[in-house]
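[1] model the structure of this input:
(2 chains, ligands or ions: 4)
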Amino acid sequence: MKVANPLLPQPATIIDIIQETGDVKTFRVVLDDPDAMAAWRHRPGQTAMVSVFGVGEAMFCLASSPTSRDWIEFSIRRAGKVTTAIHQLEPGAKIGVRGPYGNSFPVEAMRGNDLLVIGGGIGLAPLRPLVNFMIAPENRKDYGNIEIIYGARSYGDLCYKEEVFRTWPETPGVTVWTTIDAPEEGWEGHVGFVPAYVAEIKPAPENKFVAICGPPVMIKFTLKELEKLGFKEEQIYTTLEMRMKCGIGKCGRCNIGAKFVCRDGPVFNLAALKELPPEY
Amino acid sequence: MVLKLLKKERLLSFLERLMQKFLLVAPVREGNLTVYRPVKAAAEVAVDAPKSVVPPKEWFFPQTEEIYRYATSKENLVLEENVLAPPAVLFGVRPCDLRSFQVLDAVFLQEPADRYYAARRENTLLIGMSCNTACPECFCTAYGISPLKGTGADIHLTDIGTAYLVEALTPKGEEIVLQDPEFYEEKVAGIDEALRAKEQALTAEFAVQVAVTDLPAKMAALFNHPYWEELSRRCLGCGICTYVCPTCHCFDITDENRGNTGKRLRCWDACLFRDYTLHTSGHNPRHALHQRLRNRFFHKLKYNLDRYGIEGCVGCGRCVALCPVNIDIREVIATVRGLQV
Ligand SMILES: Cc1cc2nc3c(=O)[nH]c(=O)nc-3n(C[C@H](O)[C@H](O)[C@H](O)COP(=O)(O)OP(=O)(O)OC[C@H]3O[C@@H](n4cnc5c(N)ncnc54)[C@H](O)[C@@H]3O)c2cc1C
Ligand code: SF4
Ligand code: SF4
Ligand code: FES
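    Ligands and ions are numbered 1, 2, ... in the order given. Presented below is the predicted three-dimensional model:
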C-alpha cells in the first residue's frame, strides 16, 4: 500500500490562464491523476501549495468554487520568485499541487443567515468560492441574501469581472456594489474607498455574517465602519496570510501564539483573533 | 518489563549483535564534540562521551534532507519520493533527548503525519542511557524528567559500576534482550536502593534548581513586558540556540536545480532569523529581534504546552551552554516567575 506523503505534490497541468488585472492571473489547473481530480474536495477559504519545480512552492487560496469538479483555480499576483515563475507559464505547463489546507468559512453556522462580503483587489480571491458555494443551485435555499461590496484601485484592478458584473448581480438575492479609488474615463459606477462606501450603503447587522479580505488598511477602516453600524466582532470573519513552507503545522513558520495559521486558519473570527498576540 | 544486568565487558558484543540486524547509530567523538551518526564498528561508539552538541533528533529529522527528486519536461513531470528508513538502533540516548522525541512526535506524527520522520521513527529501536554526571547547564528535573529513567526508550541502560542495568521497556525491546540470554546476569538485589541514591546525588549536582510552576499563566500576562526587549539587546540573533535544541522542529523547503531535474530539500530553519517570517510584500510580523526571541521562549515554555500538552523544553541545557552571549533559559524562567504582572 502506498502511504500518503503530505509533502509530495500531485502533478498537475495548467489548462487555462485568465489575465485578471495587470499583475494578477487566474490559473485553471487539472490534477493529472483523474482519480485524484475526481476525489478533490475543498471548502470555501481553504488553500493549497503550488510548486514550480526548480523555483519553489507558495501558498494560494483556492479561488474556484467548491462545487467545481473538473478543475481548480488559483488567482496569483506576481510578487516574488515563485509567483513570477508561475506568471511565465503557459497552458499545458506542469506544476505541483498539494492540499487543500486549513480551515474554512463556517458555512454550516452561516446557514439560514444573510452574508455580507467585503473585498479589496485580489482579496476577493478567498471570498469568491464562498459566494459561488452559496449561490450554487444545490445550496442556494440554505442561505439568505448576499451583499457584495467590492473595490479596487481602478477598473483594471477589479478581478473576476464576468462574475462581479454579470453572474452575481443576475443571481436572485445577490446584490453587488463596486467602487474604484479614483475617477476614470468610461467608469460610471461609484468612486471612493471601500470603508466610505460601506458607510454609505449601511448594511444592516441583523442575522448576518461578514467575510472580509483585502489590504490591511482597507480592513482596518472598514471594521470601524462596521462597528458603527452595530456589527459585532463575533459576526466577522477574515483570512490571514503568513509566510508558509509546509502548510500542515510542522515547519513552525506561520504561528501566531499557539495557533498555526496554516492549520487553525487561514479563516479567523475577529473576536478569536483579538485573543492572539498581534504578530500577523 | 524485563530487567537484566549486562557486564561492562559484554557491551561490545551486545552492540555487535545489534549490528547484525540493524544500522547502529550511536554517539561518537569527532574532535572534541560528540555526535550521533551511523557507525561501521561497535568500537567507534563513545559510550561514556559527554552529551552531544547536536542532539540525536538529527537521526529522525536531519539538518538537510532530500525529500524528493523531480524531472520536468514540457509534457511530463516525474516526482520520485525519497524516504530513507533502514532498520536502525539509535543507541545511547539521554533521558532529556528521549523526552524530546515525545515533543517532536506531537508535531511530526500529528495527522497528516510527516512521512520521513514517521518512517524512521517506526524503524528505529531506541536504546537509552542514564546520565552518569550532571552537566552544569542541565535542569531536566524541572520537567519531571529523571536522569536515570528511560521513559520512551525500548531498552534503557544505567551504569551501576561494573555492569549496566538493562531495562527492556517495550515488547520490541524485550524481544532483543530475550533473544540472547547468555549476555546477561539476572538482576541482583539492592539495585533499586542504589539507583535512588544515584538519582539523588545526580540531581543535587544540578548547578541551578529550576521550577516551572505557574509559568505559562505568568508568561501570558507578561507578553508586553519590557523584559523581552531588554533581554534581546544582547541577543545576536545567531540561531545557535535553535540549532542545538532537541525539540526545535522548524524547517525551510528549497529546490536544488540542475537543468530540468533537481532535488527538493528540507533544511533546519530558525525563528530567530529575520527572514523567517518576512512576507514577500516586505511586511514582517516579527520584525524586531525581541519579538523573535520572545516567540522562542513562548514557544518552548507556553505555546507547545497549550498546543500539544507537553512542554517544548526538556532541560538539556544545550542552549545555555552554547549561547555566545549567555542568554540562559533557566534565568529567563526564574525572572519571568519573579516579575510583577
Ligand atoms: C494562506 C495564504 C493564502 C494566500 N493566497 C494568495 C492568493 O490567493 N493569491 C496570491 O497572489 N497570493 C496569495 N498568498 C501570498 C503568496 O503566498 C505570496 O505572494 C507568495 O508566497 C510569494 O512567493 P514568491 O516566491 O513569489 O515570493 P518570494 O520570492 O518568496 O518572496 C520574495 C522575498 O522573500 C524573501 N525570500 C524568498 N525566499 C527566501 C529564502 N529562501 N530565504 C530568505 N528570504 C527569502 C526575499 O526577501 C524575497 O525578496 C497567500 C499566502 C498565504 C499564506
Ligand atoms: S530550549 Fe534549551 S534547554 Fe530547552 S530543550 Fe531546547 S536546547 Fe535544551
Ligand atoms: S544562541 Fe543566544 S545570541 Fe544566538 S540567537 Fe540564541 S539567544 Fe540569541
Ligand atoms: S506553514 Fe508550516 S507550520 Fe504553518
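
[2] nearest residue to the middle of the chain?
    Let's take chain A. With the centre of chain A defined as its mean C-alpha position, the nearest residue by Cα atoms, centre = their mean is A:Pro126, 0.7 Å away.

[3] the intended chain is chain B.
    Going by Cα atoms, centre = their mean for chain B, the residue that ends up nearest the centre is B:Pro246, at 3.0 Å.

[4] what about it, distance to B:Glu58?
    Using Cβ to Cβ, to the nearest Å, we find B:Pro246 at a distance of 9 Å from B:Glu58. Just so you know, the C-beta spots here come from the backbone N, C-alpha and C atoms, and that holds for glycine as well.

[5] equivalent analysis for B:Ala85, please.
    Computed with Cβ to Cβ, the distance linking B:Ala85 and B:Glu58 is 15 Å.

[6] now swap in A:Val107 and tell me
    With Cβ to Cβ as the criterion, A:Val107 and B:Glu58 are 44 Å apart.

[7] who's more crowded, those two?
    A:Val107 (19 against 16; other Cβ atoms under 10 Å in any protein chain shown).

[8] isn't the more buried one right up against A:Val131?
    No. Under the contact definition of Cβ atoms under 8 Å, A:Val107 does not touch A:Val131, with a separation of 11.3 Å.

[9] enumerate the residues of the stretch 1-150 of chain A near chain B.
    Contact residues of the stretch 1-150 of chain A with respect to chain B, defined by Cβ under 8 Å from any Cβ of the partner chain, are listed as A:3-9, A:11, A:32, A:53-57, A:79-80, A:83, A:92-96.

[10] quick check: ChimeraX command selecting the buried ones in those residues.
    Selection of buried members from the residues of the stretch 1-150 of chain A next to chain B for ChimeraX, criterion 16 or more other Cβ atoms under 10 Å in any protein chain shown:
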select /A:5,6,7,8,9,11,53,54,55,56,57,83,93,94,95,96
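
[11] so what pLDDT did B:Ala207 get?
    Confidence at B:Ala207, expressed as pLDDT, is 81.

[12] ditto for B:Ala134
    88.

[13] list the contacts of it.
    Neighbour list for B:Ala134: B:Pro147, B:Leu202, B:Thr203, B:Glu205, B:Phe206 [criterion: Cβ atoms under 8 Å, 6 or more residues apart in numbering or on different chains].

[14] repeat that for A:Glu185.
    Contacts of A:Glu185 (Cβ under 8 Å, 6+ apart): none.

[15] just to be sure, it is in a helix?
    No. Note on A:Glu185: no helix contains this position according to DSSP: H, G, I helix; E, B strand; the rest coil, which reports coil.

[16] pLDDT wise, what is it at?
    For A:Glu185, the model assigns a pLDDT of 94.

[17] and if you look at B:Thr72?
    Value for B:Thr72, per-residue pLDDT: 89.

[18] do the same with B:Asp48
    Note on B:Asp48: pLDDT of 88.

[19] quick one: which of the contacts of B:Ala134 is most hemmed in?
    Neighbour max across the contacts of B:Ala134 (other Cβ under 10 Å) = B:Pro147, 23 neighbours.

[20] helix, strand, or coil at it?
    The three-state assignment at B:Pro147 reads coil, by three-state DSSP.

[21] what about chain A, any weak spots by pLDDT?
    Within chain A, the stretches falling below the threshold (pLDDT under 70) are A:1-3.

[22] now do 50
    For chain A, applying pLDDT under 50 flags the ranges A:1.

[23] which helix runs longest in it?
    Of all the segments assigned as helix in chain A under DSSP state H, the longest by residue count is helix A:216-228.

[24] and the contacts of it?
    The list of residues contacting helix A:216-228 from outside it, by Cβ under 8 Å, 6+ apart, reads A:118, A:120, A:123, A:151, A:193-196, A:198-199, A:205, A:210, A:212-214, A:236, A:238, A:270.

[25] and it, does that touch ligand 1?
    No. Using Cβ under 6 Å from any ligand atom, helix A:216-228 stays clear of ligand 1, coming no nearer than 13.5 Å.

[26] give me the distance from the following helix or strand past that helix to the chain's centre.
    Per DSSP states H and E, the first helix or strand lying C-terminal to helix A:216-228 is strand A:236-239. Per Cα atoms, centre = their mean, to the nearest Å, the displacement of strand A:236-239 from the mean C-alpha position of its chain is 11 Å.

[27] where do the helices sit along the chain?
    Because you didn't say which chain, this covers chain A. Counting by DSSP H, chain A has these helices, from start to end: A:34-39, A:81-87, A:107-110, A:128-135, A:161-162, A:194-201, A:216-228, A:261-264, A:270-273.

[28] correction: the question concerned chain B.
    Using DSSP H, the helices found in chain B span residues B:11-21, B:95-108, B:115-122, B:171-179, B:191-205, B:215-221, B:227-232, B:240-243, B:289-298, B:304-308, B:318-322, B:329-338.

[29] show me what from the stretch 151-300 of chain B comes close to ligand 2.
    Counting by Cβ under 6 Å from any ligand atom, the positions of the stretch 151-300 of chain B adjacent to ligand 2 are B:Val244, B:Cys245, B:Pro246, B:Thr247, B:Lys300.

[30] next, count neighbours for the last one.
    For B:Lys300, the tally of surrounding residues (other Cβ under 10 Å) stands at 24.

[31] hang on, the earlier thing: please pick the buried ones from the contacts of helix A:216-228.
    Buried residues within these, counting neighbours by 16+ other Cβ under 10 Å: A:118, A:120, A:123, A:151, A:193-195, A:198-199, A:205, A:210, A:212-214, A:236, A:238, A:270.

[32] tell me the domain boundaries of the chain?
    Using chain A here. Chain A breaks down into these structural domains: A:10-101, A:107-239 (assignment by the TED database).

[33] my question was about chain B
    Taking the TED database as the domain assignment, the record places the domains of chain B at B:2-205, B:215-338.

[34] give me the residue from the stretch 101-250 of chain A nearest ligand 2.
    Proximity of the stretch 101-250 of chain A to ligand 2 (Cβ to the nearest ligand atom) peaks at A:Lys250, 17.7 Å away.

[35] ok, that residue - contacts?
    A:Lys250 touches B:Val107, B:Phe108, B:Asp114, B:His249, B:Phe251, counting by Cβ under 8 Å, 6+ apart.

[36] how close does A:Ile256 sit to ligand 4?
    Distance of A:Ile256 to ligand 4, computed by Cβ to the nearest ligand atom, to the nearest Å: 10 Å.

[37] try B:Lys187
    As for B:Lys187, its distance to ligand 4 is 46 Å (criterion: Cβ to the nearest ligand atom).
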